[in-house]
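A.B. asks: starting from these lines, generate the structure:
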Amino acid sequence: MRSGFASFVGKPNVGKSSIINAIMGKKVVIVSDKPQTTRNRINVIYTDNDSQIVFVDTPGIHKPLHRLGEYMIKAAVQALKNVDLLLFTIDAKEGFETPEEFISGYINQSGTPTLGIINKVDLTDSEKIDIIEEKLRKNLENLVDIVRTSAVTGEGLDLLITKIKEHIPEGPQFYPEDIVVDRPLSFIAAELIREKIFHFTYEEIPHSVAVIVEEIKERENGIVYIRANIYVERDSQKGIIIGQKGQMIKKIGESARKDIEYFLETKVFLDLHVKVKKDWRNKDFIILNEIGMRNDLD
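C.D. replies: Now for the predicted structure:
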């Protein structure tokens, strides 16, 4: 039996969360075509007959634009330490550029063995992928191997699991076999709601949105009741999320409810409310206490 922690690292929007979801076969991590959608560190547990791999999905390392950005980077850098293997993920279409050189410096400082992952290989040609491989070997001091993947087509994912197993230690399972994520339902529900907000509002509502689940209760009829508040920074953003005659909030709620029901394998009643908290991203007490990042940064 082999078991260990493998931490994804890379710039935003290279497909780290999509790889995890493709491997797990169900949506456990927020996915959006907007960068920086993963705010917190999340452990996702993959268990098979001879191994348990604890995937750590982190915010992409980027230049912080505001206080929330600083917290996101701190969580990402912290994840480079005290793990068995780093999974440096690169977008095959975008290549190995200045951001990757920047991240390579943090990886080399950590001294942690690193597996290079060139993702989205279905979107570019092999010549460009060869150049990325060459740069990975040149820039990383602790590179153990390179795998080419596509989270969309599934290419390379079985090989990725095999390579990870080769570089984690022998040891017992950390979690029971039926545990797939180390976060409470309130966290998962909030992430799925936030994903739908990103998806349906697109550029109109960037990262000035937070979702806090206030109540979860299983009713006598077996339906799980979930009440959540959606926080934005301006009244205009509240209007966008609610939509004309409440159509947008209805669309967000219906789509998020279906994903939560799929995750829970039971019926869900999702009760959403939109509230304005001006400039919330620059207020520590909201970031730490309401979004629940304190445990990630200790």
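
A.B. asks: mind listing the helices for the stretch 151-298 of the chain?
C.D. replies: In the stretch 151-298 of the chain, the helices defined using DSSP state H, counting those that start in this stretch lie at 157-166, 185-201, 235-242, 247-264, 284-285, 294-297.

A.B. asks: just send the ones you listed back as a markdown table, with mean neighbour count too.
C.D. replies: C-beta coordinates here come from the backbone N, C-alpha and C atoms, glycine included. Shown next, in a markdown table, are those (neighbours: other Cβ atoms under 10 Å):
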| stretch | mean neighbour count |
| --- | --- |
| helix 157-166 | 16 |
| helix 185-201 | 21 |
| helix 235-242 | 16 |
| helix 247-264 | 17 |
| helix 284-285 | 9 |
| helix 294-297 | 14 |
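
A.B. asks: between the ones you listed, which gets nearest to F96?
C.D. replies: Nearest to F96, of all these, is helix 157-166, at 18.5 Å by Cβ to Cβ.

A.B. asks: hang on, the earlier thing: D84 is nearest to which of the helices of the stretch 151-298 of the chain?
C.D. replies: That would be helix 157-166 among the helices of the stretch 151-298 of the chain, by Cβ to Cβ, at 9.0 Å.

A.B. asks: packing partners of the closest one?
C.D. replies: helix 16-24, strand 51-57, strand 114-119, strand 143-148 (3 or more Cβ pairs under 8 Å, 6 or more residues apart in numbering; DSSP states H and E).

A.B. asks: just name the most buried of the ones you listed.
C.D. replies: For those, average neighbour numbers computed from mean count of other Cβ atoms under 10 Å are highest in strand 114-119, which has a mean of 25.

A.B. asks: which SSE is immediately downstream of that one?
C.D. replies: For strand 114-119, the following helix or strand on the C-terminal side (DSSP states H and E) is helix 126-139.

A.B. asks: nearest spatial neighbour of D122, skipping sequence neighbours?
C.D. replies: S150 (4.3 Å; Cβ to Cβ, 6 or more residues apart in numbering).

A.B. asks: cool, thanks, signing off.
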